[in-house]
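Enquirer: below are the sequence and a predicted model for it; my questions follow.
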Amino acid sequence: MKGFYKLSELDAQQARRLAERALALRAGAPARRFPQLALGLLFMSPSLRTQASMQRAAAKMALQLIQLQSGGNGVWNLELSDGAVMDGTTVEHVREAAAVLGRFVDMLAIRAFAGGQSLEEDWADPVLRAFQQFAGVPIVNLESAQWHPCQALADWSTLDLFRVPRRAKFVLTWAWHPKPLPQAVPNSTLTMAAQRGMDVVVLRPDGYDLRPEVLAEARALAAASGGTVTVTSNRKEALEGASVVYAKSWGSLVHYGDAAAEGAFRSGLRDWCVSNAWFSGAAPDAKFMHCLPVRRNVVVRDEVLDGPRSIVIDQAENRLHAQMALLEELAASVESARRGSAPEAVHTASL
Amino acid sequence: MKGFYKLSELDAQQARRLAERALALRAGAPARRFPQLALGLLFMSPSLRTQASMQRAAAKMALQLIQLQSGGNGVWNLELSDGAVMDGTTVEHVREAAAVLGRFVDMLAIRAFAGGQSLEEDWADPVLRAFQQFAGVPIVNLESAQWHPCQALADWSTLDLFRVPRRAKFVLTWAWHPKPLPQAVPNSTLTMAAQRGMDVVVLRPDGYDLRPEVLAEARALAAASGGTVTVTSNRKEALEGASVVYAKSWGSLVHYGDAAAEGAFRSGLRDWCVSNAWFSGAAPDAKFMHCLPVRRNVVVRDEVLDGPRSIVIDQAENRLHAQMALLEELAASVESARRGSAPEAVHTASL
Amino acid sequence: MKGFYKLSELDAQQARRLAERALALRAGAPARRFPQLALGLLFMSPSLRTQASMQRAAAKMALQLIQLQSGGNGVWNLELSDGAVMDGTTVEHVREAAAVLGRFVDMLAIRAFAGGQSLEEDWADPVLRAFQQFAGVPIVNLESAQWHPCQALADWSTLDLFRVPRRAKFVLTWAWHPKPLPQAVPNSTLTMAAQRGMDVVVLRPDGYDLRPEVLAEARALAAASGGTVTVTSNRKEALEGASVVYAKSWGSLVHYGDAAAEGAFRSGLRDWCVSNAWFSGAAPDAKFMHCLPVRRNVVVRDEVLDGPRSIVIDQAENRLHAQMALLEELAASVESARRGSAPEAVHTASL
């Protein structure tokens, strides 16, 4: 394992085994310990679950933990562009920052949200890609401009925890929100459910498609795993027989970087707030999922979040277990590489 | 022990034993170690002593430590109101934040100062109360809108350290300050000294009473412990024979939330700055205490802080020892609860 | 060892031994472990390398780590002036902050950059000096207004790592930068190279002299170690035969605290950006060094940083090893002092 940028870098069998290992850890299996290795955390965007769960994972695994944030008296403002004449506000180039941090830690986990200004720049995922290129150590993506693979792995294990069948209907629904949010989570949710072999429906108003590259990847993953991917704006059809309703808001690709136009574009969509009524045609034991943080009574109503369908807290807890399963693999690979043996063989065995 | 919201949750005997344990730890007794348990720290307000002493306490006790702050790239801005339609500036409801953190740690310690806008809202102590309600793990109050119990416990142990007699005269005096500060510390100091059985005098200018509920609680605690509580604006009488002068500034209840009116109200009170002259009628070995941080030559003059009466540095050091004594109790309760035995029996024995 | 304020507190032999120990640690020697001791980190200025390397050093040495930052929900805004009437924006006096932190940790490492407003105030190095005076524990300087000794020690070990001869020509060159930066690094670089016994040339435009006190100290150190110190604005002569070109920008003493005047003063100096052409007359294997962060194509061109002469990443890595060598000494001194034996004898032996 060379790092963890997005879930589909793993094949379905590897992902399934990591999800299983997460649930074993949740059930009390002792985590593998790596007291000689250091894990770096670099947060360039806010976090509650990710910070707390990564800190706890490191403690349980006896990893040495190095923690950095940008802003304030944290790390310097980073330049990302090749060839930049740095006479403005950026103080350090990511080439140096990544290479130096790679000397201080054995694995580096990074959060850097989308800038939200340029569609193509965000699609290039510049911060994560630069650290992958220059750090010289495995990089773990804690949510980048495009992907949130730790969330996706935790979500997979959550579906297993609640015994949601592989071919069940999984509805990823857009929801209203006062701001256009990044697509990292919906991209990750869609491809995760497709790779798990589910019948995935993306329910969204017209104009809120995910990137065609992501849809194409999801369809390929579904085909390989025996699932399907459908996109619709028909709420009734989408929710009919659903086993899971996974809500998430995201910004449209049409007005990317233009907050005013986007605000007008979504002004009539406030009824895209998940309520109990949404479940009228769903499977009797249908579950509600969201990655959190969630805006109550905007994205989803209290009645759903506080009701029996919501599994969002267990879903969040699984961040810890899924990340430990992942870090076990990654740390074992790092140790194997140092001993000169084949890391792939080892991390398969380590499951 | 279910948590630690305010000192008077403990009876006087329990508080006395914790203060004794704090002094034993100060004298070099080894702290109990809990390497399987995780302590979360969440700071929503600034801190020097509390951050440093909690970090050191966790290290000495081999607790796994999870550290979070609000602001910047820290945790999301929290919503506290039930039923809120979260289309404004709050991103996550405390219901989710608390429940999720409760899955990642075994004990959660939180600092969240008074907002200072609404008297009734601050009296309800919304952040601490919400975490108590929703986290599912014991909550330690690191200074909330109304109480600062770790300070109070450290202060109790400091009085013991300097062999201040139980029935000595303890003067809590208001002091001038450019801003109206919260009442968490004076509330805690007053009730601590009352519960210790001291003759407590609250010395303050007219208009600077503490909440009647707090005074009533202090009087009940004093009655049970054999002490007294008096309120006066007569400085000479208050200080006559005092063994301890504990200074603290706080805002008036009269102009709560109105900084301009409060500023005018206190404009003539700059002579409420403790000087050596204040000790002219005090006991010969009278001590000066303050919780820190303190504004020099505003709340207290250099001559006092740098003189032999000041015990503020030992008082601050005792934060570490008192918190360790507390965390030993709490961690033992958590471990006992997991084993299914009676936590109360265990944490009494652990002293 | 009583602390580490600037490198020249050590004699040349001590510094050489620490640099050697750093390289032994880099080569894999196990670090000494001090699980009973606590190291405090206080950052009042931004950092990437220093934070990460100090955290990793503490983990490798099993030191208990207490981490604090100023700003946001970190430590309170500190007052430095004796006798101040603190009715403004400072909340806590450094006398209390230092004394309290000294009760919570065994060693305290602090970063506090120059304020850049008053030459004499910055020369007095008020934050570091106050902590030295009031903390009661050894203070490690992580870059103060005047010195950056951990960088200097790492640089010394880097020169050893690349087998740069003791009497080689070492050029410290000024470089253009949009802002007037502090002199802590050039002061430290100059005196380090002088103490190592090198032929040091300070290459800078007229008006960019370092403080005369620093130059005088450097000349005395060079004399004792068999080296030389020269100051020039003649780039060709300076670079002729150079084994090392160490670039750094700093503000002029002439316009200290006057950003507009300084900006005009340096407006014609943008060609002070190190390029490959600067090495035309240098030694064939001449190296390029910089403390980082560095502004690309402002201080130095990509062609140099990405070329074979640049050793900036190894130089940064050596921060970790040099700081571990230093902390081993310091921690051994602390432990010895507690046992009542002579710390100097012990920390010599510990090398």
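Expert: Arrived safely, thanks for sending. Residues are numbered from 1 along each chain as shown, chains lettered A, B, ... in the order given.

Enquirer: what's the pLDDT at residue A:347?
Expert: On pLDDT, residue A:347 comes in at 38.

Enquirer: ok, now residue A:167?
Expert: Looking at residue A:167, its pLDDT is 95.

Enquirer: wait, doesn't it sit right on residue A:226?
Expert: Yes: if you go by C-beta atoms under 8 Å, residue A:167 and residue A:226 touch, sitting 7.2 Å apart. Placement of C-beta: from N, CA and C, glycine included.

Enquirer: find the residues that touch each one of the two.
Expert: Common neighbours of residue A:167 and residue A:226, counting by C-beta atoms under 8 Å, 6 or more residues apart in numbering or on different chains, are residue A:197.

Enquirer: show me what contacts the residue minimising distance to the centre of chain A?
Expert: What sits nearest the mean C-alpha location of chain A, by C-alpha atoms, centre = their mean, is residue A:148, with 1.9 Å. Going by C-beta under 8 Å, 6+ apart, residue A:148 touches A:141-142, A:184-185, A:187-188, A:291.

Enquirer: please, where are all the strands along the stretch 201-350 of chain A?
Expert: Assigned by DSSP state E, counting those that start in this stretch, the strands in the stretch 201-350 of chain A fall at A:228-232, A:244-248, A:287-289.

Enquirer: which elements pack onto the second one?
Expert: I take that to be strand A:244-248. Judged by 3 or more C-beta pairs under 8 Å, 6 or more residues apart in numbering or on different chains; DSSP states H and E, strand A:244-248 is in contact with strand A:169-174, helix A:184-195, strand A:287-289.

Enquirer: using a markdown table, lay out these together with distance to chain C and mean neighbour count.
Expert: Converted to a markdown table, the helices and strands packed on strand A:244-248 look like this (distance: least, C-beta to the nearest C-beta, whole Å; neighbours: other C-beta atoms under 10 Å in any protein chain shown):
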| stretch | distance to chain C | mean neighbour count |
| --- | --- | --- |
| strand A:169-174 | 34 | 26 |
| helix A:184-195 | 25 | 27 |
| strand A:287-289 | 32 | 24 |
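
Enquirer: including distance to residue B:308, could those go into a markdown table?
Expert: Listed next are the helices and strands packed on strand A:244-248 as a markdown table, based on distance: least, C-beta to C-beta, whole Å:
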| stretch | distance to residue B:308 |
| --- | --- |
| strand A:169-174 | 69 |
| helix A:184-195 | 61 |
| strand A:287-289 | 64 |
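
Enquirer: which one, of these, ends up nearest to residue A:35?
Expert: Closest of those to residue A:35 is helix A:184-195, at 31.4 Å (criterion: C-beta to C-beta).

Enquirer: what about the closest one and chain B, touching?
Expert: No: shown here: helix A:184-195 not in contact with chain B (C-beta under 8 Å from any C-beta of the partner chain), separated by at least 14.1 Å.

Enquirer: who does that helix touch, helix- and strand-wise?
Expert: Against helix A:184-195 (3+ C-beta pairs under 8 Å, 6+ apart) you get helix A:12-26, helix A:149-161, strand A:169-174, strand A:199-203, helix A:212-225, strand A:244-248.
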